[in-house]
Every structure is written in structure tokens, then in C-alpha cells.
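Visitor: Give me coordinates for this.
(chains A and B)
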Amino acid sequence: MSLPRSDQSGHSDISLGTAFHRLGSPPSVYRLATQLTPWFAWAAVACFGIGLYGALVAAPPDYQQGHAYRIIFVHVPAAWLSMAVYVVFAIAGAVGLIWHIKVGFIVARTSALIGAAYTFLALATGSIWGKPMWGAWWVWDARLTSELVLLLLYLGYLALDSAIDDRRTAGRAGAVLALVGLVNLPIIHYSVEWWNTLHQGATVTKLGAPSIHIDMLVPLLIMAIAFKMHYLTVLMLGVRAGLLKQEKRASWVKTLSPAR
Amino acid sequence: MREFFAMGGYGAYVWSAYFLSAIVLGGTVAFSITNLRTLLRTLSNSQQGPPD
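Guide: So this is what the prediction gives:
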């Protein structure tokens, strides 16, 4: 998508902008988020049910790591999501920055909180996995360190966001920080190739066939979908809360029923 | 059943990882729901209460 240029303010540009802003108008976003919440929540419950059965019961033990490898089914989805949520976080911030759509800042703010939770979870479960397999809770290697930097980026954003009173200024400053931090994502992904590391290389997201048995891959992917649905559920709840806080004086908020 | 919880001797590691995940995932959902409910309640109270 290209930005409408000022020297060719054609009719199509204006209508595109209007449609864009209507799509991002607080009442319609609030309504959509409310309608989507139960779908995402039930999808998460279903995927966690099937995924956990596959992860803990159906999948066979690993030939090298025995049952300890089962940590992969929470560790890898958390790590994937910690990075995927960062992409949403940065894009949403950029949307707020470029098109002045405030919902973008709300999505970014909520995503930062969830992203920080996933990053913490990836680091913590990795640490629990590292102790029996590597003999150490933590090593300063490239993969672990770059993931820690990701956590610091999220926390830095949240600190910056809470330090600035004006919501618009906070959103803009945070979006810039988020975009600068994007450079960390390829570093995390390729860290296992670029540096010698204790962390194992990619088993799923690599060229050619994944080096993981299908009975382990299927529950892993279902758990990843479950995490995505969890993210979307929390995102919908957070966007609703963010909109209410921002629009508390607007007329559409006053017509909301207090029960829900 | 005992075998299932033992996880081949790695039970402490496997279950603590899953327990922690449940806390973080459940905690974020609980926090978001409480936050949203509180906001909705304050907003409806401020409308019914004395004018500010």
C-alpha cells in the first residue's frame, strides 16, 4: 500500500481515507471486538484441550530427551508468539503514527502487555528445560540474550507509555520505539545460525522437511494455534478496555449496558 | 497414572513448565476480564451518580 501524496489529492484517496477511518471508528471496533471475543475464547479452549492431550499423552517420548522434551509444546508456541505479537505491536503502532488512527495505539499497548507475558514465558520455560538438558538454568548465548532483549523492549515500551501522560504523545513515542526494536526479530530468529549456541536450531521453520516427527509436530501446531487464540481473546478484551478509557465521554459509551 | 506424572524422572521440570504457562495464560485472561468489568462498572456508576 502506498501513501496518498499531497500533489495528487484525487477523489479515490479521500474515499479510501474515509473508509479507513470509519473502519477504525471506536464504536464499530468496540462492537466487533465484543462479538469476536467468545469465538476466540472458545477456539482457545478447544485447541488447548486437543493440544494438551496430544502434547502430554499422545506424543511419544523423544529418543534423546525422554519426556523432558514435552516442555517444547509450551516453550515454542510462547517463543513464536512473543515474536509474532511484536510484529502486530509494531505495525499497529505504525498505523497509529502514520494514519492517526488511535485504535492502532490501543492495539499496540495491549499487544505489548501480552507480548511481554509470552516472552517471559518463553524465557522461563526455556530455563526450566535448560536445567535438565544443558545443566544450566541460563547461559549468555545469542538466542537467550536476544530473547531477553525482546522482553526489555516490551518492558521499555510499557515504562515509556506509563511515563507520558498525554495518550497521543505516548502512543507516538512508543510506536517509534517499537519500530526501532523490529531489528531484534531477525537477530532472534537467525541467532542459532549466526553464532555457536547451546540452543538447538530450527526444527519446524526451516527449508525442507521439519526435523520433528509428525506425532510431535501436530500437537505443537495445535498448541501454537491455541496460543494465537489466547492472544486474540486477550487482545479483544484489552482493545475494549482501551476504547472505554479513551472514549469515556463519548455518547456511544453511555448507551452501553452496564451488565456486560 | 503414576508413570504419567513421573514423566520418566523429568516430572518436576515438565509440570512446573506447564503450571507456569497455565498461570501466565490464565492470569492475562483474568486480568483483562477484571479490568474490563471494573471499567464498565465505573462508567455506568458515573452516569447514575450525581453529575460531576
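
Visitor: how many neighbours does residue 40 have?
Guide: The chain I'm using is chain A. 20 (other C-beta atoms under 10 Å in any protein chain shown). Backbone N, C-alpha and C define where each C-beta goes, glycine included.

Visitor: not what I meant, chain B
Guide: Neighbour tally, B:Leu40, other C-beta under 10 Å: 19.

Visitor: With B:Gly11 instead?
Guide: Other residues within reach of B:Gly11, judged by other C-beta under 10 Å, total 16.

Visitor: Touching, it and B:Phe5? I think so.
Guide: Yes - between B:Gly11 and B:Phe5 there is a contact under C-beta atoms under 8 Å: 5.7 Å.

Visitor: how about the residues of chain A near chain B?
Guide: For chain A, the residues in contact with chain B (C-beta under 8 Å from any C-beta of the partner chain) are A:56-57, A:61, A:66-68, A:70-71, A:74-75, A:78, A:113-114, A:117-118, A:120-121, A:124-125, A:128-129, A:131-132, A:227, A:230, A:233-234, A:237-238, A:240-241, A:244-245, A:248, A:253-254, A:256, A:258, A:260.

Visitor: low-scoring pLDDT stretches of the chain, where are they?
Guide: Because you didn't say which chain, this covers chain A. In the predicted model of chain A, residues A:1-24, A:205-210, A:257-260 satisfy pLDDT under 70.

Visitor: my bad, chain B
Guide: B:47-52.

Visitor: For the residue of the stretch 101-250 of chain A with the smallest separation from chain B, which non-adjacent residue is closest in space?
Guide: Proximity of the stretch 101-250 of chain A to chain B (C-beta to the nearest C-beta) peaks at A:Leu237, 3.7 Å away. Nearest residue to A:Leu237 in three dimensions, chain neighbours excluded: B:Ser32, at 3.7 Å (C-beta to C-beta, 6 or more residues apart in numbering or on different chains).

Visitor: what's the helix or strand hosting the one you found packed up against?
Guide: B:Ser32 belongs to helix B:11-48 when assigned by DSSP states H and E. When contacts are defined as 3 or more C-beta pairs under 8 Å, 6 or more residues apart in numbering or on different chains; DSSP states H and E, helix B:11-48 sits against helix A:72-99, helix A:102-134, helix A:214-246, helix A:251-254.
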